[in-house]
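Trainee: Below: sequence and its predicted model.
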Amino acid sequence: MIKEASIVGSGLSGPLLAILLSEKHKIKVTMYERNSDIRKTSSFSGRSINLALSERGINALKKADVYNTDFEKLLIPMYGRMIHNSDSTQEFQPYGNKKHHYINSVSRSKINKILLSQAERSKLVSINFSTKCTNIDLEKNNLYMNEKIIPFNGPVFGADGYRSAIAKKVAKKLIYKDIKHGYKELTIKPKGDDFQIDPNALHIWPRKDMMVIALPNNDKSFTCTLFMKKTGILSFDSIKTKKDIFSFFEQNFTDLIDLIPNIDKYFLNNPTGNLISVDVNNWVYNDKACLIGDAAHAIVPFYGQGMNASFEDCYILSDILNEQISWKSTFKTFYKRRKKDADAISELAFKNYDTMKKKVLDQNYIDKYKLGLELNDMFPDYFIPEYTMVSFTNIPYNKVIERNKIQDKILNKILSYDSLPKKEVLEDIVKKNITKLNCEKNC
């Protein structure tokens, strides 16, 4: 196998893959990044500046020897959702029932900088910044960069995001799904030297057809994101003036005005981002090219799994590389294994938008959620709630959907009783309908 590879894109998945290829497989890696070095410049792109890191991402970072005590200092644990109702009351909904059931708020740029620096520490990795890839010739083995033609040896990995130039050549079909909702970043600044609201929760202001979320930062601020329709009534386009802004928040998110007194400035000055997912029906081309991360499966952000799924790509590809004798067989196996999981987490992410902005207010959803945690306590190897499977295990995403369809029927059946049945009856219902998981391997 040729011990050389190129990676287009140095966002999150690109440098992690470079670390794994160079450190675990002794492959010389050349990376190309269209932007300047994030470690030397600072600019706001309109993208979310903090992300949610959970088990799958942590597992991948550990495989690459990136996750250590210094890295952990960047993380702020969030143990559940803090629901902010329209009457300004609050309700906490825990993510799970174990001490380790929490997700972590972390700065996108800080993770990116750590990954870039660790990749560069390897003598086998070189990174070319301000080098935009516009095209690839898969027959002549040429990359087109800044109007220059650069020949490549070994495979090219497209890690260049949802508008990937590599994907446009590798994929037979690209389907961009725009949910017609957009987002805008706001900021809750610290009060003195402290957080204004609980830092160990992901805060949600659910309003059925729109919502605001807030994630904590290490400087004691919160990054808030308003999600709502881009056009029409109650949309970004319908809010044009300072008066419109304050009227909108007074009617829908009144407590945010006290938390963000200059909310009009954020609203007017920060760009409105798009919420787009991409269905890429082919990720590989013979032994020459392979897509990973957002280039292969960009998803909407509502399960906090975009980064985690991308990191999972990297270590799974690395593991497959250990077992195969050629790039072609590696890519074929990788695509066959990951495509169904990418489709599954995209479906789950769309569904969770509905959950976050609406269902968290529904009593039937709350009852089912609480019962799911109780059943997990009683039968941990059989009943594992969907959120737990997605965020706190490494169970393949497609298996999560399969199991949760069965579990949802179990919950509906139990909740149809006038009162909660005895444990023996519950055990009979659960164990007759769903198979046991070996959590040593899958969880």
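Mentor: Now that the structure is in, tell me what you want to look at. Numbers count the residues shown, from 1 in each chain.
Trainee: going forward, measure contacts and count neighbours with C-alpha atoms only.
Mentor: Fine.
Trainee: how about the strands in the stretch 101-250 of the chain?
Mentor: All strands of the stretch 101-250 of the chain, identified by DSSP state E, counting those that start in this stretch, fall at 103-107, 125-128, 133-137, 142-145, 148-151, 156-158, 174-188, 202-206, 211-216, 222-229.
Trainee: which residues of this protein score low on pLDDT?
Mentor: 1-2, 42-48, 439-443 (pLDDT under 70).
Trainee: again, only using 90
Mentor: 1-2, 41-50, 123, 146-147, 172, 178-179, 276, 324-325, 437-443 (pLDDT under 90).
Trainee: Tell me if I'm right that residue 75 and residue 102 touch.
Mentor: No. Shown here, residue 75 and residue 102 do not form a contact pair, counting by Cα atoms under 8 Å, at 11.0 Å.
Trainee: okay, those two: which has more neighbours?
Mentor: In terms of neighbours (other Cα atoms under 10 Å), residue 102 is the more surrounded of residue 75 and residue 102; the figures are 25 against 18.
Trainee: so what's that one up against?
Mentor: Shown in contact with residue 102 (Cα atoms under 8 Å, 6 or more residues apart in numbering): 54, 77, 78, 79, 80, 95, 96, 392.
Trainee: Now do it against residue 32, distance only.
Mentor: Distance, residue 102 to residue 32, by Cα to Cα, to the nearest Å: 35 Å.
Trainee: picking up where we left off before, in helices, which of the contacts of residue 102 appear?
Mentor: Applying DSSP state H to the contacts of residue 102, the entries found in helices are residue 392.
Trainee: Let me have the contacts of residue 102 in JSON lines, adding distance to residue 275 and neighbour count as columns.
Mentor: What follows is these, written out as JSON lines (distance: Cα to Cα, whole Å; neighbours: other Cα atoms under 10 Å):
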{"residue": "54", "distance to residue 275": "21", "neighbour count": "23"}
{"residue": "77", "distance to residue 275": "26", "neighbour count": "22"}
{"residue": "78", "distance to residue 275": "24", "neighbour count": "23"}
{"residue": "79", "distance to residue 275": "26", "neighbour count": "23"}
{"residue": "80", "distance to residue 275": "24", "neighbour count": "18"}
{"residue": "95", "distance to residue 275": "24", "neighbour count": "22"}
{"residue": "96", "distance to residue 275": "28", "neighbour count": "22"}
{"residue": "392", "distance to residue 275": "25", "neighbour count": "20"}
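Trainee: and which of the contacts of residue 102 is nearest residue 166?
Mentor: Taking Cα to Cα as the measure, residue 166 sits nearest to residue 54 out of these, at 28.3 Å.
Trainee: I'd assumed residue 308 was in contact with the closest one.
Mentor: Yes. Residue 54 is within contact range of residue 308, at 6.8 Å (criterion: Cα under 8 Å).
Trainee: Enumerate every residue touching the residue lying closest to residue 151 once chain neighbours are set aside.
Mentor: In space, and not counting its chain neighbours, residue 151 is closest to residue 142: 4.3 Å by Cα to Cα, 6 or more residues apart in numbering. Residue 142 makes contact with 136, 149, 150, 151, 152 under the criterion Cα under 8 Å, 6+ apart.
Trainee: Residue 142 and residue 152, how far apart?
Mentor: 6 Å.
Trainee: Do a quick rundown of the helices in the stretch 251-400 of the chain.
Mentor: Listed in chain order, the helices of the stretch 251-400 of the chain (DSSP state H, counting those that start in this stretch) span 254-259, 263-269, 294-297, 306-323, 327-357, 363-378, 386-392, 397-415.
Trainee: Show me the contact partners of stretch 247-266.
Mentor: 86, 88, 185-189, 196, 205, 207, 239, 242, 245-246.
Trainee: now these: which count as buried?
Mentor: 185, 186, 187, 188, 189, 205, 207, 239, 245, 246 (16 or more other Cα atoms under 10 Å).
Trainee: Figure out which of the strands of the stretch 101-250 of the chain is closest to residue 23.
Mentor: Here strand 125-128 is closest among the strands of the stretch 101-250 of the chain (Cα to Cα), at 9.7 Å.
Trainee: Which other helices and strands does that closest one contact?
Mentor: helix 13-25, strand 28-32, helix 108-121 (3 or more Cα pairs under 8 Å, 6 or more residues apart in numbering; DSSP states H and E).
Trainee: May I have that strand exported as PDB, CA atoms only?
Mentor: Output in PDB follows, covering the C-alpha atoms of strand 125-128 (Å, rounded to 0.1, in the frame of the first residue of the first chain):
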ATOM      1  CA  VAL A 125       2.200  15.800   8.300                       C
ATOM      2  CA  SER A 126       2.500  19.100   6.500                       C
ATOM      3  CA  ILE A 127      -0.400  21.700   6.300                       C
ATOM      4  CA  ASN A 128      -0.800  24.200   3.500                       C
END
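Trainee: chain center to that strand, what's the gap?
Mentor: Computed by Cα atoms, centre = their mean, to the nearest Å, the separation of strand 125-128 from the middle of its chain amounts to 26 Å.
Trainee: For the remainder of this discussion, apply numbering that starts at 296.
Mentor: Right, with 296 as the first residue, what we last looked at is strand 420-423.
Trainee: partner strands of that strand, parallel or antiparallel?
Mentor: The partner list of strand 420-423 in its sheet, established with DSSP bridges, is strand 323-327 (parallel).
Trainee: Just want the angle from the strand it pairs with to strand 428-432.
Mentor: 130 degrees (axes from the mean of the first three to the mean of the last three Cα atoms, to 10 degrees).
Trainee: quick one: contacts of strand 323-327?
Mentor: Residues outside strand 323-327 that contact it (Cα under 8 Å, 6+ apart) are 298-305, 309, 313, 316-317, 419-428.
Trainee: quick one, what contacts the nearest residue to residue 298 once chain neighbours are set aside?
Mentor: In space, and not counting its chain neighbours, residue 298 is closest to residue 322: 4.7 Å by Cα to Cα, 6+ apart. Contact analysis of residue 322 by Cα under 8 Å, 6+ apart lists 298, 299, 300, 316, 419.
Trainee: List only those of those flagged as buried.
Mentor: Neighbour counting by 16+ other Cα under 10 Å classes 299, 300, 316, 419 among the contacts of residue 322 as buried.
Trainee: what's the first one sitting at in phi/psi?
Mentor: Looking back up the chat, that one is residue 299. phi -150, psi 140 (degrees, to the nearest 10).
Trainee: Quick check: nearest residue in space to it, chain neighbours excluded?
Mentor: residue 323 (4.7 Å).
Trainee: ok, that neighbour to residue 695 distance?
Mentor: 36 Å.
Trainee: The two - which one has more neighbours?
Mentor: In terms of neighbours (other Cα under 10 Å), residue 695 is the more surrounded of residue 323 and residue 695; the figures are 23 against 20.
Trainee: I'd say that one and residue 684 touch.
Mentor: Yes. Contact criterion Cα under 8 Å: residue 695 and residue 684 qualify, at 6.3 Å.
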